[in-house]
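Asker: Using only what follows, build the 3D model:
(chains A and B)
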Amino acid sequence: MDDMNAFERQVGDEIFRIVGPARPVDDLAVFEVAANRQKGWGFTMFSALKFVAAAVIVALFGGFLLAGILSTQPSDELTPAAVTESPSPMTAEELLSGMVTEEVEPGVLRVINDGVRDLSYPLGGWGYSGFLVDVTPDGSVWMSVDEGHHGLFGLGEKPAFEDPFDHLRHRVVAPDGSLWALGIGGVPDDRSDFYESSGIFSFDGEGWTLRATTKGDPHTLAVGPGGTAWVASESALLRLEGDGSLTTMEDWSDVYDGDANLFQLAASPNGDVWLVGAPSYSLQGAELLLRFEGEGWEAIPGPEGWNPGPMGRYLDVGADGTLWVKASATGGLARFDDPGWTTVTEADGVEPWGEASWSDTDLLEVAADGSVWLLGGPTEELPPPGCGGVSHYDGTKWTSFLVETCIHDFAIAPDGSVWLGADDMASPLRLYVITPEAVEASE
Amino acid sequence: MTQTAGRQDAGVLASAAAGDETAFRRIIAAHHEDMRRVCAYIAGDLTVAEDATQAAWVIAWKRLRDVHEPSHLRPWLMTVAANEAKQLLRKRRTRSRFEVTTDASREPGGRDPATGVSGLDLRQAMSRLDTDDRALLAMRFIAGFDSNELAAATGISASGTRSRIERLLKRLREELE
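Answerer: Residues are numbered from 1 along each chain as shown, chains lettered A, B, ... in the order given. Okay, here's the model as predicted:
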């Protein structure tokens, strides 16, 4: 041990000999290069164009405008205040600046290095599956690997945040912009039973807060306006109010008589909650689709042939309150137009899926503009679940991206870009982004 | 080991992130040399180290607002610089070399009586390390990071960084026996 301590000291000394002593720093010179290089050629061109435009205006409208225009010019040249003063969400373009990417399809980039970590061998070197991605309304991209083990990572942001739980079951972005997680284990008041110590947590960008502890084996979470969270376990539905009170919902018995297995939840911006489930004795798919409108539950018949299983995230509610579901195991979408359904299986002659089955990799998300993204793409052969890329339905037609890639999770950013975590158990994790330009080009 | 930087207070970080040139220059003054020397050890090339450090400041100027905790600033800066050094090495298709020696003071040390290992042999053994291992050693010895700071910089747990450094030193030691 003494030898190792001496050896460690010798290694440190030798490294110092290699790099030499610290030198005086010309911080002004370093700053000027950093501040000016960041703007790059595009800014220079923009400045030049502004100047030309100013000259034209001056020529047309006389010298009165000259002083004002020229006096504003220098302040734009050096002070990057706009970078930090804008309250608008960070765009994909801004987020990707300084990162190393490669274009894998037109407008679709793979992030190789986010300026902090090498994502070609990601996040410290571990993680080959379960690549989870969320985007909060400020444009931040949050990632976890191995189904949430090893903590939470902000793209290009340090440090990593340790998760306060042992295992992540479900994570969603709440309307207020916070991340909410359903975590198993790690709850301080009871560690005697893994599944008896689970909790509802929220993350505000600075750290996690334990909102409530739960019992049973909760598996899905939804958060509505006002911070009201809903959690479903196998047979119980919990509601956590913004004031911290936790209640077990048992009042659906008037619409469904019998035990139930609860599959999925989705919260609507107007406060409605959608619940999918099945009788506990049933070997079939969902037979329950319930809507909670504040006063009580209402049973809604599902679209024809709709019988999804317990796994996957196959329903989502858009900003206008419209419920979308994956219509069948073989593909297509169904939109709930109260009181009936509109089914979209094909558009422009393209059916977006192969013979995919219901699986735990099902995922459907409604974008802010009302268009819909879901896993799967046109394939000639049946791909493994989740390995058909993603498809986008803009209301008239389908467009698919990364059709031979195994996508585990994706999230839609405020600027319309789509961030995707890919893993296939054979390759290191990969992070992709479909840029807004690529989305627009497909529309 | 130089911990010249210390910890920037929250006010300096917030001001710099908001575009305050003076605050940003204070951060440069505090961290630039350690970043450059971390890069120099990773790249083994002073030119690459200078370029990588400058590239890191370009990123920092734009992305400093991503750093919310003052204690995270230094690990973040060192990691950005280390990544830039590794990327530049790849772009220039050069291997890391130990050719930064430009004066006698940087010659290898002599044989250490406590370990029996000569500085030249140690330097040769270290020259065979990959860039990730070099980055880890640079942050440990040049930046002076403790386990928690290393964890923040590398994305692995504090205990993981400790065991990784222990394994790395053990491997080097065994090579030199």
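Asker: Need the outlier residue of chain B, farthest from its centre.
Answerer: Most distant residue from the mean C-alpha position of chain B: B:Pro113, 27.8 Å away (C-alpha atoms, centre = their mean).
Asker: lowest confidence element among the helices and strands of chain B?
Answerer: Taking mean pLDDT, DSSP states H and E as the measure, the helix or strand of chain B with the lowest value is helix B:147-154, at a mean of 77.
Asker: Strands of chain B, residue ranges please.
Answerer: Taking DSSP state E as the criterion, chain B carries no strands.
Asker: Now the spatially most central residue of it: closest residue in space, sequence neighbours ignored.
Answerer: Centrality entry for chain B: nearest residue to the mean C-alpha point is B:Val38, 2.9 Å, by C-alpha atoms, centre = their mean. Distances taken as C-beta to C-beta, 6 or more residues apart in numbering or on different chains place B:Ala138 nearest to B:Val38, at 4.2 Å, with adjacent residues excluded. For the C-beta atoms, the positions are set from N, CA and C on the backbone; glycine is no exception.
Asker: From what I see, that neighbour and B:Thr79 are in contact.
Answerer: No. Because the distance of 10.9 Å does not satisfy C-beta atoms under 8 Å, B:Ala138 is recorded as not touching B:Thr79.
Asker: just the strands in the stretch 201-350 of chain A please.
Answerer: In order along the chain, the stretch 201-350 of chain A carries the following strands (DSSP state E, counting those that start in this stretch): A:208-214, A:220-223, A:229-232, A:237-240, A:246-249, A:260-267, A:273-279, A:288-292, A:297-299, A:315-317, A:323-326, A:333-337, A:340-344.
Asker: Return the set of buried residues in the fifth one.
Answerer: This means strand A:246-249. When burial is assessed from 16 or more other C-beta atoms under 10 Å in any protein chain shown, strand A:246-249 yields the following buried residues: A:Met249.
Asker: from the stretch 301-443 of chain A, which residue is nearest to chain B?
Answerer: When you check the stretch 301-443 of chain A against chain B by C-beta to the nearest C-beta, the closest residue turns out to be A:Leu429, at 12.6 Å.
Asker: How many residues are close by that residue?
Answerer: Neighbours of A:Leu429 under the rule other C-beta atoms under 10 Å in any protein chain shown: 23.
Asker: Helices of the chain, start to end?
Answerer: Just going to use chain A. Secondary structure of chain A by DSSP state H: the helices cover A:2-19, A:27-61, A:64-78, A:81-85, A:92-96, A:436-442.
Asker: Oops, wrong one, chain B.
Answerer: Listed in chain order, the helices of chain B (DSSP H) span B:10-17, B:21-43, B:46-63, B:70-91, B:119-127, B:131-137, B:147-154, B:158-175.
Asker: For stretch B:144-155, what is the distance to the chain centroid?
Answerer: Shown here is stretch B:144-155, whose average C-alpha point lies 11 Å from the average C-alpha point of the whole chain (C-alpha atoms, centre = their mean, to the nearest Å).
Asker: So is that stretch next to chain A?
Answerer: Yes. With C-beta under 8 Å from any C-beta of the partner chain as the measure, stretch B:144-155 is seen reaching chain A through B:151-155.
Asker: Just among those residues, which is most surrounded?
Answerer: Using other C-beta under 10 Å as the neighbour definition, those reach their maximum at B:Ala153, which records 29 neighbours.
Asker: what's the closest non-adjacent residue to that residue?
Answerer: Among residues not flanking B:Ala153 along the chain, B:Pro75 sits closest, at 4.0 Å (C-beta to C-beta, 6+ apart).
Asker: give me every residue that touches the residue nearest to B:Ile59 when sequence neighbours are not counted.
Answerer: Closest residue to B:Ile59 apart from its sequence neighbours, by C-beta to C-beta, 6+ apart: A:Gly98 at 4.0 Å. A:Gly98 makes contact with A:115, A:156, B:58-59, B:62-63, according to C-beta atoms under 8 Å, 6 or more residues apart in numbering or on different chains.
Asker: mind listing what's buried in stretch A:365-376?
Answerer: With burial defined by 16+ other C-beta under 10 Å, the residues of stretch A:365-376 counted as buried are A:365-367, A:371-376.
Asker: Extract the CA atoms of it and return them as CSV.
Answerer: Written as CSV, here are the backbone C-alpha positions of stretch A:365-376 (Å, rounded to 0.1, in the frame of the first residue of the first chain):
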residue,chain,number,x,y,z
GLU,A,365,-46.7,11.1,-28.9
VAL,A,366,-48.8,14.0,-30.1
ALA,A,367,-46.8,17.0,-31.1
ALA,A,368,-47.7,20.6,-30.2
ASP,A,369,-49.0,21.1,-33.7
GLY,A,370,-51.4,18.2,-33.4
SER,A,371,-49.4,15.8,-35.6
VAL,A,372,-48.6,12.4,-34.3
TRP,A,373,-45.4,10.4,-34.0
LEU,A,374,-45.2,6.8,-33.2
LEU,A,375,-42.7,3.9,-33.4
GLY,A,376,-42.6,1.8,-36.5
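Asker: could you give me the average pLDDT of it?
Answerer: Mean pLDDT, computed over stretch A:365-376, is 91.
Asker: Repeat that for stretch B:71-79.
Answerer: Per-residue pLDDT values over stretch B:71-79 give a mean of 84.
Asker: which residues touch that stretch?
Answerer: Applying C-beta under 8 Å, 6+ apart, the external contacts of stretch B:71-79 come out as A:116-117, A:158-159, B:5, B:7-8, B:13, B:27, B:31, B:34-35, B:38, B:56, B:60, B:66-67, B:139, B:143, B:145, B:149-150, B:152-154.
Asker: do the same with stretch B:163-177
Answerer: The set of residues that contact stretch B:163-177 without belonging to it, under C-beta under 8 Å, 6+ apart, is A:3-4, A:7-8, A:11, B:115, B:117, B:121-122, B:125-126, B:129, B:133, B:136-137, B:140, B:150, B:156.
Asker: Which members of those are classed as buried?
Answerer: Neighbour-count burial (16+ other C-beta under 10 Å) applied to those gives A:7-8, A:11, B:115, B:117, B:122, B:125-126, B:129, B:133, B:136-137, B:140, B:150, B:156.
Asker: what about A:Ala266, how many neighbours?
Answerer: Using other C-beta under 10 Å, A:Ala266 has 24 other residues around it.
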